[in-house]
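Novice: here is a sequence with its predicted model. Questions after.
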Amino acid sequence: MMLSQSCVVYNTNSVNLKQAQNKGKVKLTYENGRVYKFDNILVKDNIYYGIGIESISETQHTVHEAAIMLLDSTKISSIFIKDIGKSKRRTSVLAKGTITAAFIVGGIIYLNFFLHF
């Protein structure tokens, strides 16, 4: 059995919109506490847009909201860029433990079956 998971780690230093544009994944927090994660921040005619939005509510549930969002720079409290060196995609193989447990359980069931005959 194989499991795959992604882990995105963001830098600890906040940046401004200009520094975050075209840098890839970012986590943006507004002054009201609302958190958004974007695949990228783009600028056109001095207007900033968040592309590929995930919104995280106060209850920490992720909600996919829209593809593009206009960003209000006057209400942003922090912007963190993805730390590529610390972010990883991990694949784990659950072979030894899973197979061993299956053999033990299977052996017990097999033995129990023959003891009753």
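Specialist: In hand now; what should we look at?

Novice: need phi/psi at residue 69.
Specialist: The phi/psi pair for residue 69 (degrees, to the nearest 10) reads phi -130, psi 130.

Novice: what does residue 75 give?
Specialist: Dihedral angles (degrees, to the nearest 10) for residue 75: phi -110, psi 10.

Novice: burial check on it, number of neighbours?
Specialist: Applying other C-beta atoms under 10 Å, we find 10 residues neighbouring residue 75. (Glycine included, C-beta is placed from N, CA and C.)

Novice: contacts only, for it.
Specialist: 30-32 (C-beta atoms under 8 Å, 6 or more residues apart in numbering).

Novice: where do the strands of this structure begin and end?
Specialist: Assigned by DSSP state E, the chain shows strands spanning 2-7, 26-30, 35-44, 47-56, 62-64, 68-70, 76-81, 88-93.

Novice: any chance of the contacts of residue 75 in a markdown table, with neighbour count and pLDDT too?
Specialist: Shown next, in a markdown table, are the contacts of residue 75 (neighbours: other C-beta atoms under 10 Å; pLDDT from 0 to 100):
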| residue | neighbour count | pLDDT |
| --- | --- | --- |
| 30 | 14 | 92 |
| 31 | 11 | 93 |
| 32 | 7 | 90 |
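
Novice: span of stretch 9-27 from start to end?
Specialist: 10 Å (C-alpha to C-alpha, to the nearest Å).

Novice: that stretch: which residues count as buried?
Specialist: By 16 or more other C-beta atoms under 10 Å, the buried positions in stretch 9-27 come out as 10-11, 14, 17, 20, 25-27.

Novice: redo the residues you listed as CSV? Include distance to residue 86 and pLDDT.
Specialist: Formatted as CSV, these follow (distance: C-beta to C-beta, whole Å; pLDDT from 0 to 100):
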residue, distance to residue 86, pLDDT
10, 9, 86
11, 9, 83
14, 17, 93
17, 23, 94
20, 17, 93
25, 12, 91
26, 15, 92
27, 14, 92
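
Novice: quick check: of those residues, which lies closest to residue 46?
Specialist: residue 17 (10.2 Å; C-beta to C-beta).

Novice: find the nearest non-adjacent residue to the closest one, please.
Specialist: residue 48 (4.8 Å; C-beta to C-beta, 6 or more residues apart in numbering).
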